[in-house]
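Asks: Dropping the sequence and predicted coords here.
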Amino acid sequence: MSDPKHLLLDAALPHVPFDGWTEATFKAAVSDSSIEPTVARAVCPRGAVDLAVAYHQQGDTQMLAALKSADLNEMRFRDRIAHAVRLRLEAVEDKEAVRRATTLFALPHHAPEGAKLIWATVDQIWNALGDTSDDFNWYSKRMTLSGVYSATVLFWLGDTSEGHAATWAFLDRRIDNVMQIEKVKAQVNKNPALSKLMAGPNWLMGRIKPPARFSKGDFPGSWTAPRD
């Protein structure tokens with residue numbers, strides 16, 4: 001038997017360009033999918049908001065599948081990141097659905113949900129690319145890529161160039177900016193005087209740990225107390 005939420009999402013998508021991720025869309029999806037209203041509300045307590053979340057997560061799943069089948073061996077690491085972001089956007093079949101979702105998650109009471117979705121997307125990208133960082137770098141990588149991803153999505157929404165060529169060029173520039181920051185950090189670490197100056201902050205950040213991947217009670221992270 002098909003997942004009721006997936007059936008609702010499929011039924012909702014034709015209505016989203018006109019009504020957005022709203023209660024009107026949710027009711028239309030319930031009617032069009034012939035799902036019992038009580039069942040629909042059980043799987044989507046927040047109505048269309050839950051469908052918008054499911055739509056975003058569906059795109060993440062498609063990206064990971066495409067990333068898994070891609071040949072990344074000959075790519076530089078920065079190109080692997082760019083390719084993953086591109087695959088995520090290419091998973092979208094209806095740009096208007098994303099535009100409407102962006103409007104929805106820009107609302108103050110839904111903004112935390114939107115931030116959570118973006119964080120989950122970039123976390124899955126880093127994990128798929130083999131990130132093994134176990135200190136503050138775990139957070140900094142995801143915060144940086146969240147900014148790149150968010151900016152690229154907004155640019156992409158207004159991009160009318162053929163094949164979204166302007167978007168991919170924009171994405172490359174943003175990643176180049178990030179790589180320049182990484183080069184500066186590397187130069188600081190190689191400079192004895194600056195390295196000594198940053199010893200305290202680096203020690204502090206080294207004590208910050210990412211969430212335990214298999215522990216539900218260890219989010220957003222943990223602190224490793226110094227030993228006596």
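Replies: Good, I have the coordinates. Numbering: from 1, shown residues only.
Asks: need the contact list for the residue nearest the centre of the chain.
Replies: Closest residue to the average C-alpha location of the chain: Thr121 at 2.5 Å, with Cα atoms, centre = their mean. With contact taken as Cβ atoms under 8 Å, 6 or more residues apart in numbering, Thr121 is in contact with 56, 60, 63, 88, 149. (Each C-beta comes from the backbone N, C-alpha and C, glycine too.)
Asks: List the ones among these that fall in helices.
Replies: Applying DSSP state H to the contacts of Thr121, the entries found in helices are 56, 60, 63, 88, 149.
Asks: where does the protein have low pLDDT?
Replies: Where the chain drops to pLDDT under 70, the residues are 1, 181-209, 212-228.
Asks: hmm, back to that, and the helix or strand harbouring the residue nearest to the centre of the chain, how far from the chain's centre?
Replies: Thr121 is part of helix 111-128, with elements assigned from DSSP states H and E. Relative to its chain's centre, helix 111-128 lies at 3 Å (Cα atoms, centre = their mean, to the nearest Å).
Asks: for stretch 14-32, same thing?
Replies: Using Cα atoms, centre = their mean, the offset of stretch 14-32 from its chain centre is 24 Å.
Asks: on that earlier part again, distance check, the residue nearest to the centre of the chain against Met143.
Replies: According to Cβ to Cβ, to the nearest Å, Thr121 and Met143 sit 13 Å apart.
Asks: and what of Leu13?
Replies: For Leu13 relative to Met143 (Cβ to Cβ), the value is 31 Å.
Asks: what does Asp71 give?
Replies: Taking Cβ to Cβ as the measure, Asp71 falls 29 Å from Met143.
Asks: So these two - more neighbours on which side?
Replies: For the pair Asp71 and Met143, the greater number of neighbours falls to Met143 (11 against 6), based on other Cβ atoms under 10 Å.
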